[in-house]
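Engineer: next comes the sequence, and after it the predicted model I'd like to discuss.
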Amino acid sequence: MKRKWLFLILLGLMVSVLQIDMHQSFAEDDILNEESGNEMPEEQPEIMQDIQERLIEVGSGALSGTYSTGATGQTIITMTYTYTPTLDLSLGGQPMIVMQLPPEIANQIYGSTAKQQSFLSVLTGTVTLPAALVGSVSYNIHDTTRNFTLAYSSAYNSVYVTFPTNVVSLLGLSRWAVSFSFDVALLYQNGITIPPASNGVNYPIKGTFGSSTDGLNIINLVLGNVSKSGVIALPSMSVGTGVPIVTAPVLNSPLLNLQTVVGGKIQQVQNSNYTYTVQLTITRSDGTSAPIVVSNIPVDASGNFSTTLASALQFGDSVSALVNAQSKTNSNYIQSPSAAPLAVSWPVQPVTTVSATAINLPPDQRHSFPWVVVISIGVGILIVILGIIYYFNRKMKKEQKKYEELKNSLDKPEE
């Protein structure tokens, strides 16, 4: 008899759960976008139409960022976000977990689809979603047969997983979760170098849960107990000792206006298992929108490199460089940080004073100069001038005398 009553109670509980599923019971709270200045994604215009967007936040989220040390001293990072509902619910869309990377990592893969895909490919971990009725089930994060998708958003610097349309499970026994790890040395060998924490203390991270109809902008919202922020408590991440260290090269300086040959030297001993090349990035001062990239510049055995540019450098341009070390046995490659940009200059030579003399005579020649001849010629010229003056002076006196005699004769009265 007791077994019969127990069976009836369990049957009633299962029927009530199915009724909740049929009626699509929602539990929602109103939230405000605390960052009203943020730009909303174009694919979700309804978010902009409703300032008080209704998003499901029944339940609680948990975020963690932990680290461990690998066999060769490299850092291994694990990020985990878990969402646990507090009552049975169904979402109006596909559930989604969004986890925002530290900006120090996101900046290294921003704008490069290849690096973003490389980052996703090296992740290890699990995706957890509710089972059909009771509890949850976990799968490999790269499983392609379970109707969930793993992707990266460059706009929001986030790894996100979109789950299949949810089913209702028993209260408190189900959860959604994403947990992934990445090996810093493995990222390093895929051209992704993680710099030290910008604040010198730790790397900030975020995580949240929502629906595909809400859009990825939910990572920038504060949704009660759902949105979580945290840190990876490390000032820097190590690549360990299992990979060669590749550092930024040094360019020959100065770089001058109209210069066409650019060279420099790498700053490490070359590993025989890698081929080293240099990449230049030239930012023009003439308004050219896209920088000019010159790749695959060979490095000689001494670490020197040089290339002739297709067009000369101009005053105001800047040039930066990085080193690529390509493995000779597989597709792995290591990319150094970029060297600080070096500006192209146009130096102006200062004015110099030059002492000059009117005449530069051989030694002792000035004493044999014909001064007597010069003086004699000068005296002769002076005598001629005086003679001319004397002649005209006498002639004028004679003419004056004739004039006086004529005047007197005209003035004398007739008798």
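Structural biologist: Arrived safely. Numbering: from 1, shown residues only.

Engineer: in the stretch 1-150 of the chain, which spans are helices?
Structural biologist: In the stretch 1-150 of the chain, the helices defined using DSSP state H, counting those that start in this stretch lie at 2-22, 45-49, 103-109, 113-122.

Engineer: can you check the stretch 301-415 of the chain too?
Structural biologist: Secondary structure of the stretch 301-415 of the chain by DSSP H, counting those that start in this stretch: the helices cover 371-411.

Engineer: isn't there a strand covering Ile297?
Structural biologist: Yes - assigned with DSSP: H, G, I helix; E, B strand; the rest coil, Ile297 falls within a strand.

Engineer: my guess is it contacts Gln279. True?
Structural biologist: Yes - assessed by C-beta atoms under 8 Å, Ile297 is found in contact with Gln279 at 7.1 Å. In this view, the C-beta of every residue, glycine as well, is placed from N, C-alpha and C.

Engineer: weakest of the helices of the stretch 1-150 of the chain by average pLDDT?
Structural biologist: Mean pLDDT is lowest for helix 45-49 among these, at a mean of 39.

Engineer: helices and strands of the protein: which one bottoms out on pLDDT?
Structural biologist: strand 29-30 (a mean of 32; mean pLDDT, DSSP states H and E).

Engineer: gap between the closest residue to Ala106 other than its chain neighbours and Thr329?
Structural biologist: Residue nearest to Ala106 in three dimensions, not counting chain neighbours: Asn157, with 3.5 Å by C-beta to C-beta, 6 or more residues apart in numbering. Distance of Asn157 to Thr329, given as C-beta to C-beta, to the nearest Å: 33 Å.

Engineer: same question, Tyr156
Structural biologist: With C-beta to C-beta as the criterion, Tyr156 and Thr329 are 36 Å apart.

Engineer: compare these two (neighbour count), which wins?
Structural biologist: Using other C-beta atoms under 10 Å as the criterion, Tyr156 and Thr329 rank with Tyr156 on top: 20 against 7.

Engineer: neighbours of Pro196, how many?
Structural biologist: With neighbours defined by other C-beta under 10 Å, the count for Pro196 comes to 13.

Engineer: tell me the pLDDT of it.
Structural biologist: Note for Pro196: predicted pLDDT of 96.

Engineer: just Ser355 next, same as before
Structural biologist: Ser355 is given a pLDDT of 70.

Engineer: that one: how many residues sit nearby?
Structural biologist: Other residues close to Ser355 by other C-beta under 10 Å number 4.

Engineer: ok, it to Gln349 distance?
Structural biologist: For Ser355, the distance to Gln349 - C-beta to C-beta - is 19 Å.

Engineer: try Pro196
Structural biologist: According to C-beta to C-beta, Pro196 stands 43 Å off from Gln349.

Engineer: ranges for the strands of the stretch 51-200 of the chain?
Structural biologist: Here the stretch 51-200 of the chain has its strands, by DSSP state E, counting those that start in this stretch, at 54-55, 60-69, 75-84, 95-100, 124-130, 136-140, 149-153, 158-162, 176-183.

Engineer: could you say which of those is packed most deeply?
Structural biologist: With neighbours taken as mean count of other C-beta atoms under 10 Å, those reach their highest mean count in strand 95-100, at a mean of 24.

Engineer: I'd like the mean pLDDT over that strand, please.
Structural biologist: Summarised as a single mean, pLDDT over strand 95-100 is 95.

Engineer: give the contact list for Thr66.
Structural biologist: 77-78, 80, 232 (C-beta atoms under 8 Å, 6 or more residues apart in numbering).

Engineer: rerun at 7 Å
Structural biologist: Shown in contact with Thr66 (C-beta atoms under 7 Å, 6 or more residues apart in numbering): Thr78.

Engineer: same check, this time on Thr75
Structural biologist: 67, 69, 184, 234, 237-238 are the contacts of Thr75 under C-beta under 7 Å, 6+ apart.

Engineer: cool, and Gly316?
Structural biologist: Gly316 touches 285, 344, counting by C-beta under 7 Å, 6+ apart.

Engineer: roughly how far does it sit from Leu322?
Structural biologist: From Gly316 to Leu322 the distance is 22 Å (C-beta to C-beta).

Engineer: check Tyr160 too.
Structural biologist: 30 Å.

Engineer: the residue nearest to Ala106 and Gln100 touch, don't they?
Structural biologist: Yes - look at Asn157 against Gln100 with C-beta atoms under 7 Å: they come within range, at 5.6 Å.

Engineer: what is the burial count for Ala301?
Structural biologist: Counted with other C-beta under 10 Å, Ala301 comes out at 6.

Engineer: for it, give its distance to Ser336.
Structural biologist: Ala301 sits 19 Å away from Ser336, going by C-beta to C-beta.

Engineer: now do Gly242
Structural biologist: Computed as C-beta to C-beta, the Gly242 to Ser336 distance reads 17 Å.

Engineer: looking at the two, which is more packed in?
Structural biologist: Ser336 (23 against 14).

Engineer: what about stretch 320-337, average pLDDT?
Structural biologist: Averaged over stretch 320-337, pLDDT sits at 95.

Engineer: ok, residues contacting it?
Structural biologist: 188-191, 193, 243-244, 246-249, 251, 264, 266, 271, 273-281, 338-341.

Engineer: from the residues you listed, keep the buried residues only.
Structural biologist: Among the contacts of stretch 320-337, those classed as buried by neighbour count (16 or more other C-beta atoms under 10 Å) are 188-191, 193, 243-244, 246, 248-249, 251, 264, 266, 271, 274-281, 339.

Engineer: can you flag which of these belong to strands?
Structural biologist: 251, 264, 274-281 (DSSP state E).

Engineer: just name the closest of the residues you listed to Val374, please.
Structural biologist: Nearest to Val374 among those, counting by C-beta to C-beta, is Leu251 at 66.4 Å.

Engineer: what about Gln259, neighbour count?
Structural biologist: The number of residues near Gln259, taken as other C-beta under 10 Å, comes to 17.

Engineer: okay, and it sits in which element?
Structural biologist: Assigned by DSSP states H and E, Gln259 falls within no helix or strand.

Engineer: from Val344, how far out is it?
Structural biologist: For Gln259, the distance to Val344 (C-beta to C-beta) stands at 7 Å.

Engineer: what about Ser288, which SS state?
Structural biologist: In this structure residue 288 is Thr, not Ser. Of the three states, Thr288 takes coil under three-state DSSP.

Engineer: please consider this matter closed, and thank you.
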